[in-house]
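# Take this sequence and fold it.
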Amino acid sequence: MKKIHKFFSKDLLHILGAVGIFVAFLISIAYKQVGIGALIAAWLIAIAIIGVAWITDIRKADLLKNGKIVSGKVNAVKRVHIKFHMSTYHLADEDVIYPWVIRYQYKIGKDTYYGQSHWFWFNPLVSKGTPIKVTIDPQNPKRSIVAAWES
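Model prediction:
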């Protein structure tokens, strides 16, 4: 019997949304120093990021619920470099994270399709060649998402 591992991790939109709310909260505390315009802008940006993350989550959930599961395999596990600024005072103060992105392929009939994970992993348990389960949109096989891998 194969054990199925859940393939989820926090993605960049959720991280940015949390950071955006935190920054907006800090600006709210010190709004007299930064001005009401900065306060409103910070909250609007945070809300916009969270809105995009929410819509993306709904689309992913719909694909996972209504999609067709096919077999695929991991082509590459790549590390990405993401910089973001936490300081409102110095743009040189930046944090860097190095999450991983999973690239995969799957076949539908004679056609081979390629995809990339929608989430970022901070310690992926897969390597090149690992068999995976890919959920595809039957109407548009190019649209896919990986929710589990086999071990």
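
# so where's the protein shaky on pLDDT?
1-14, 81-98, 118-122, 147-151 (pLDDT under 70).

# quick one: the helices in it?
12-29, 31-34, 36-66 (DSSP state H).

# Of those, flag the one that's most buried.
Each of the helices of the chain was scored by mean neighbour count; the highest is helix 12-29, a mean of 16, by mean count of other C-beta atoms under 10 Å. All C-beta spots, glycine's among them, are computed from the backbone N, C-alpha and C.

# so G17 touches A53, yeah?
Yes. When contacts are counted by C-beta atoms under 8 Å, G17 is listed as touching A53 (5.2 Å).

# out of the helices of the chain, nearest to V80?
helix 12-29 (9.3 Å; C-beta to C-beta).

# so how far is that closest one off the chain centroid?
Distance of helix 12-29 from its chain centroid, counting by C-alpha atoms, centre = their mean, to the nearest Å, is 17 Å.

# Who are the packing partners of that helix?
Identification of packing neighbours for helix 12-29 by 3 or more C-beta pairs under 8 Å, 6 or more residues apart in numbering; DSSP states H and E yields helix 36-66, strand 82-85.

# out of the ones you listed, which comes closest to Q105?
So among the helices and strands packed on helix 12-29, helix 36-66 is nearest, using C-beta to C-beta, at 17.7 Å.
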